[in-house]
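Visitor: Build me a model:
(chains A and B)
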Amino acid sequence: MAFPAVEFTDLTKVYEMGAERVHALRGVSARFEQGSFWAIMGASGSGKSTLLSILGCLDRPTSGTYRLGGEDVSRLGDDALSDIRLRHLGFVFQSFNLVPQLTVAENIALPLYYQGVPERESAARAAEFAAVVGLEGRLGHRPSQLSGGQQQRAAIARALATDPTVILADEPTGNLDTATSVEIMKLFRSLHERGKTIVMVTHEPDIAGWAERRLVLRDGLVKEAT
Amino acid sequence: MTRRAWAVRAARDVRLGVKNLLLHKLRSLLTTLGLVFGVGSVIAMLAIGEGASAEAIAQIRRLGSRNVLLRAVKPAADQNANSGHARLSVYGLLYEDAARIGETIPGVVRAVPAKQFEQTGRLRGRELEMRIVGTTADWFDLVRRPLVAGRVLTEADEAARAHVAVLTEWGARRLLATEHALGETLTLGGNAYEVVGVVRSEEGDGRGMQAPDARTDAYVPLSTARERHGDVFAKRTQGANVREQVQLHQILVETADEALVEPAARAIERALETFHKKKDYEVAVPLALLRQAQATRRTFSIVLGAIAGISLLVGGIGIMNIMLATVTERTREIGIRRAIGARRSQIVAQFLVEALVLSAAGGAIGIGVGLAIPRLVTLFSGMPTVVRAWSLLLAFGISVGTGVAFGLYPAVRASRLDPIEALRHE
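Guide: Down below sits the predicted model:
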């Protein structure tokens, strides 16, 4: 494989809060190979959320470079970043973030809609990915009719639908009970086994234990990478 | 993207927009009401305005745009002096006036005199209150009314003081039902006339004071009317018997060209001033009235446009208000869509489509309301209304335009949200 899935060098992020300058990231570097499963850890305020926003192309670093699949995306404009998110990234959030008025199938197909995939094809793919996460019987349900675990499965199916380069997960088990958390982590493990690159932010060591590698942040710097 | 793919996608976006709006049926309905009534009232008011002015203009046009109309008017002083007493009042246009105008005023082709009075007409035992018009052959050229049967009055009738009458179709029908009128003997105030012709009656309601014809007219030669009925007429008004001596009630003046109408009217006015001590006449120029009617119609349209603008503005503000609320309510959804990879322009499009669907629905319902109101107005008040196709298109177009204009700001605002912030929104 020619390029690592994710590679960032000396990333810094400075927020201007009035007269005050907050250094969220003070120069972090790492390489996540394709097919790896990383957990990003750290206490609150360590900069892990900021890093995830940058890795997710929702924010741009103040300085440093970020390469996604070999392409430098650290200086792209808003439309180009939207396209990168659409084609190369899949998000899984703590609070699931499904669109409440859409059905499970429609939620899974949402990124395909923005890709311009014809409706019939995207419906077929939504059904396919619903089966991957074990939601084949719930395609017509609304998110409010599902349990938390089921909602998170739907969100994972949505993240998988476009066959992204990297799946970014932000505290994916934060709103789930222990048993359900284990199920979701098993699902992530199986995705990893199928060759997906996964980057997961968590503050729980138990959950981080499911990952293959760890990147620990403290005060905007990399404390350890194992 | 091919045109077909684009159409499929647009159809999908609209369907999605409709679906979102149907989640809040009552709210969507209330939002569109502003535009519904805006569009409805614009169409209805235009229809009523068109109806009124179309009628007025048709009536004026019937009088002829090259004509000047002179009418006898009882002077105000005479009216007061007469109250309660049976006295003879002398006023009106003179036989000489008609001759003088026809011969001396530049641009005048002919001046057609007419004497008009009410009489009971009798025919084979049937009776009808008729308006007798004593006039010359030229009358029928100026008033332009199609002949239904027989002939109109001729110059020979006038010269011979012939005892002949021409009826209007309506009057003939009332007197004779289905029988042939020609050749029958009509008795007017004790004088017998042979019915020689029937002309079509104008389907006006006779409300217009300028109408030189009525449905119950019997036309007789002026010379005959003068000889047999004289110039003195008894009238019963407000319980008092009033006797009036009037030579001519009307003179219809035809000029050679529309450009000559107004100068001729001024010349006639000056001439009449010289020969009449009192102002016992009135000069009306149908062309001027026509122009006035058209100017009024223009003013009306402008005022209407302003009112329409205001009502649609109110409707637009309603749409903007609800779209802003929607954007706030769906901040999180916007964040999700942006995180997944939607561009700003796609977010703008999504909310703009919803505003468009709202305003188009409002416009469509408004057209229904706009078509219904004029019908009800006509049904209950008898006022004529004319709904023009362009008024429907105009109102609908403005409605949709308003929706887009007022939906744009909320849509752009939605697209400018920071996706990270939006995702945190509760």
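
Visitor: Need phi/psi at the residue in the stretch 301-426 of chain B that chain A sits nearest to.
Guide: The stretch 301-426 of chain B approaches chain A most closely through residue B:341 (2.5 Å), counting by C-beta to the nearest C-beta. From N, CA and C alone the C-beta is placed, and that goes for glycine too. With angles defined as degrees, to the nearest 10, residue B:341 sits at phi 130, psi 10.

Visitor: where does chain A dip in pLDDT?
Guide: Along chain A, the model assigns pLDDT under 70 to residues A:1-2.

Visitor: Would you tell me which residues of it are close to chain B?
Guide: A:53, A:56, A:58-59, A:78-79, A:82-87, A:89, A:91, A:93, A:97-101, A:110-111, A:113-116, A:118-119, A:158 (C-beta under 8 Å from any C-beta of the partner chain).

Visitor: Of those residues, keep whichever come out buried.
Guide: Buried by 16 or more other C-beta atoms under 10 Å in any protein chain shown: A:53, A:56, A:58-59, A:82-87, A:89, A:91, A:93, A:97-99, A:101, A:110-111, A:113-115, A:158, out of the residues of chain A next to chain B.

Visitor: so what's the residue of the stretch 301-426 of chain B closest to chain A up against?
Guide: Residue B:341 makes contact with A:82-87, A:89, A:111, A:114-115 under the criterion C-beta atoms under 8 Å, 6 or more residues apart in numbering or on different chains.

Visitor: Which of those sits closest to chain B?
Guide: So of the contacts of residue B:341, ranked by how close each gets to chain B (C-beta to the nearest C-beta), first place is residue A:86, at 2.5 Å.

Visitor: which non-adjacent residue is nearest the closest one?
Guide: Once flanking residues are discounted, residue A:86 sits nearest to residue B:341: 2.5 Å by C-beta to C-beta, 6 or more residues apart in numbering or on different chains.

Visitor: Also residue B:296?
Guide: Closest residue to residue B:296 apart from its sequence neighbours, by C-beta to C-beta, 6+ apart: residue B:53 at 7.2 Å.

Visitor: how far away is the one you found from residue B:382?
Guide: In this view, residue B:53 and residue B:382 are 17 Å apart by C-beta to C-beta, to the nearest Å.

Visitor: ok, the two, which is more surrounded?
Guide: residue B:53 (19 against 8; other C-beta atoms under 10 Å in any protein chain shown).

Visitor: Are we agreed that that one is in a helix?
Guide: Yes: residue state for residue B:53 (DSSP: H, G, I helix; E, B strand; the rest coil) corresponds to a helix.

Visitor: Look at it and report its pLDDT.
Guide: With respect to pLDDT, residue B:53 scores 78.

Visitor: swap in residue B:46?
Guide: Reading off the confidence values, residue B:46 has pLDDT 83.

Visitor: list the contacts for it?
Guide: Residue B:46 makes contact with B:301, B:304, B:387-388, B:391, according to C-beta under 8 Å, 6+ apart.

Visitor: Let's see if you can find the most crowded of the residues you listed.
Guide: residue B:391 (21 neighbours).

Visitor: List the contacts of that residue.
Guide: Contacts here follow C-beta under 8 Å, 6+ apart; on that basis residue B:391 touches B:42-43, B:46-47, B:50, B:370.
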